[in-house]
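Colleague: okay, sequence plus prediction incoming.
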Amino acid sequence: MNAVWKWIKGAFLAAVVTVIATLWLALKASHAEQALLATELESANRANVASQRTIQILEHDQAAMHQLLVQRAKTKQQTQRQLNEQVAELTQKMANTECDIPDDVTGRLREPY
């Protein structure tokens, strides 16, 4: 009976050692995986920071372009208004001016060749 208990104790001790060794290996693998994931996280954070910088630059450029387009539209409107005023003024001046060239000459000039 003592021999059986020795075998049971030996088997139990072997099982405990096997469980401890298995858990130790699993813990070691877990630490390695954790280190790998930490480096991946660091890399992803760096990529995120670079993307944020790019977004900020693009937002700044977009705002500057918008400001330039608004300024260009205002300048165009102002120039168009001034040109319209000049055309109206010249048209008014020409309305009171008589042409020195006879009508039959201007009529012939308007005819196609």
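Modeller: Done, it's in.
Colleague: which is the next helix or strand following the host helix or strand of residue 89?
Modeller: When elements are assigned from DSSP states H and E, residue 89 belongs to helix 2-95. Helices and strands here follow DSSP H and E; after helix 2-95, the next one along the chain is helix 103-110.
Colleague: mind giving me the packing neighbours of that next one?
Modeller: Applying 3 or more C-beta pairs under 8 Å, 6 or more residues apart in numbering; DSSP states H and E, we find helix 103-110 packed against no helix or strand. The way it works is simple: take the backbone N, C-alpha and C, and place the C-beta from them, glycine included.
Colleague: chain center to it, what's the gap?
Modeller: Relative to the centre of its chain, helix 103-110 is centred 63 Å away, using C-alpha atoms, centre = their mean, to the nearest Å.
Colleague: contacts for that helix, please.
Modeller: residue 99 (C-beta atoms under 8 Å, 6 or more residues apart in numbering).
Colleague: again, only using 10 Å
Modeller: Residues outside helix 103-110 that contact it (C-beta atoms under 10 Å, 6 or more residues apart in numbering): 99, 101, 102.
Colleague: need these in JSON lines (columns: pLDDT, distance to residue 56 and neighbour count).
Modeller: Shown next, in JSON lines, are the contacts of helix 103-110 (pLDDT from 0 to 100; distance: C-beta to C-beta, whole Å; neighbours: other C-beta atoms under 10 Å):
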{"residue": "99", "pLDDT": "77", "distance to residue 56": "64", "neighbour count": "9"}
{"residue": "101", "pLDDT": "80", "distance to residue 56": "67", "neighbour count": "8"}
{"residue": "102", "pLDDT": "84", "distance to residue 56": "72", "neighbour count": "9"}
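Colleague: would you list those residues in TSV and tack on distance to residue 75?
Modeller: Formatted as TSV, the contacts of helix 103-110 follow (distance: C-beta to C-beta, whole Å):
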residue	distance to residue 75
99	36
101	39
102	44
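Colleague: tell me, how many residues neighbour residue 82?
Modeller: Neighbours of residue 82 under the rule other C-beta atoms under 10 Å: 10.
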